[in-house]
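>>> No sequence on hand, only this structure:
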């Protein structure tokens with residue numbers, strides 16, 4: 001029983017009723033003008049519905065009154081956009097025709113059913129007979145008053161049922177078209193990819209800076225050499241500033257979606273990574289071949305992050321050890337390789353988020369990345385095609 005009465009306690013039931021009464025009021029105005037041609041509003045709805053802006057107006061009104069909980073949501077079942085195709089326009093026309101028909105039925109019921117209830121009360125009290133169709137010409141009886149709630153129950157049932165019907169119709173006819181759904185899905189996918197990329201940026205940049213700072217501070221405390229301590233503090237300061245710059249770039253992307261990705265570091269700035277690792281005590285042997293300036297921007301930016309994460313892993317898991325870095329641009333591919341000796345303190349970070357991020361970056365660009373023991377050393381190797389940047393910012 002309470003489940004049946006629950007819709008009557010919801011405000012959306014009555015906003016949907018109002019939504020149906022709006023065209024009913026317009027329709028009644030026309031009937032005052034011409035009772036002989038009640039079909040004219042139905043015909044007039046055709047050219048009106050073909051106007052692109054009418055779909056926008058109907059969508060906004062439907063969202064506000066039929067599904068207020070979805071108003072403004074990107075995945076709302078009712079679209080609030082202008083018609084862009086003829087299919088959308090004809091769906092709007094059909095929507096207007098159905099809305100007018102339902103409005104005529106509900107509007108009439110809203111007037112005549114309460115009036116009938118009043119007639120039944122008057123008939124039951126013996127004060128006179130009704131002129132309405134239900135009890136016309138019938139002599140009054142006391143039991144008419146017992147039937148008075150029946151028209152109100154019928155009206156409330158119609159209000160709930162017609163509200164559900166018009167809402168389902170709006171979702172069907174005013175909902176996003178297949179093209180709009182595909183566009184929304186693509187935008188959502190782009191947002192998720194951007195969030196994933198930002199997470200990787202923060203992990204690589206801030207993780208690298210913290211690793212260098214920890215290694216430098218530990219080495220300075222162990223060395224007990226004022227000159228070495230001074231160099232370590234300088235390296236920590238420079239690495240911290242670089243990390244703050246990277247953090248500002250990432251935060252700018254979050255604040256302004258139009259921030260150009262070209263502001264992110266590329267392999268042309270790889271020297272600062274190598275110098276930072278050298279300042280942490282690692283002996284870096286770098287071999288760069290090919291022209292890095294010919295590497296496409298997306299490849300170069302992701303290559304920089306791959307190199308950064310590789311050096312971070314060396315410092316974090318092996319400390320100040322000899323490191324060989326090879327960067328090669330040849331035969332349409334960018335080859336990145338970082339190798340270092342496996343020490344007793346070296347763990348096997350193959351399942352870590354850093355190395356997983358390297359593999360994800362390489363896969364996104366159509367390449368591949370591998371990490372693990374190789375001939376007694378730990379090696380990270382990434383191979384990226386220079387033509388694999390289609391659709392990658």
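Everything's here; your move. Here the structure is a predicted model, which means the values were calculated and not measured.
>>> Quick check: mean pLDDT of stretch 289-307?
Mean pLDDT, stretch 289-307: 85.
>>> what's the domain layout of this protein?
According to automatic domain parsing, the chain comprises the domains 2-175, 182-385.
>>> Just give me the lowest mean pLDDT stretch among these.
Among the domains of the chain, domain 182-385 carries the lowest mean pLDDT (a mean of 77).
>>> With mean neighbour count added, can I get the domains of the chain in JSON lines?
No exception for glycine: its C-beta is placed from N, CA and C like everyone else's. Formatted as JSON lines, those follow (neighbours: other CB atoms under 10 Å):
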{"stretch": "domain 2-175", "mean neighbour count": "16"}
{"stretch": "domain 182-385", "mean neighbour count": "17"}
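>>> Going along the chain, name the strands of the stretch 201-350 of the chain.
If DSSP state E, counting those that start in this stretch is used as the criterion, the strands of the stretch 201-350 of the chain fall at 283-289, 322-330, 333-341.
>>> Between strand 283-289 and the second one, find me the angle.
Going back to what we said before, that points to strand 322-330. 10 degrees (axes from the mean of the first three to the mean of the last three CA atoms, to 10 degrees).
>>> And the strands of the stretch 201-350 of the chain: which comes nearest residue 76?
Relative to residue 76, the nearest member of the strands of the stretch 201-350 of the chain by CB to CB is strand 333-341, separated by 43.9 Å.
>>> which residues are in contact with that closest one?
The set of residues external to strand 333-341 that reach it, using CB atoms under 8 Å, 6 or more residues apart in numbering, is 295, 299-300, 303, 306-307, 310-311, 314, 318, 321-329, 367, 374, 376-386.
>>> Mind doing that once more with 6 Å?
Identification of contacts with strand 333-341 by CB atoms under 6 Å, 6 or more residues apart in numbering yields 295, 299, 303, 306-307, 310, 314, 318, 321, 323-328, 377-385.
>>> ditto for stretch 20-30
41, 99, 100, 102, 103, 104, 106, 107.
>>> Quick check: the farthest pair among those?
41 and 106 (15.3 Å).
>>> Which of the contacts of strand 333-341 fall in helices?
299, 303, 306, 307, 310, 314 (DSSP state H).
>>> before we move on, the earlier item: in helices, which of the contacts of stretch 20-30 fall?
When DSSP H defines the helices, the subset of the contacts of stretch 20-30 inside them is 41, 99, 100, 102, 103, 104, 106, 107.
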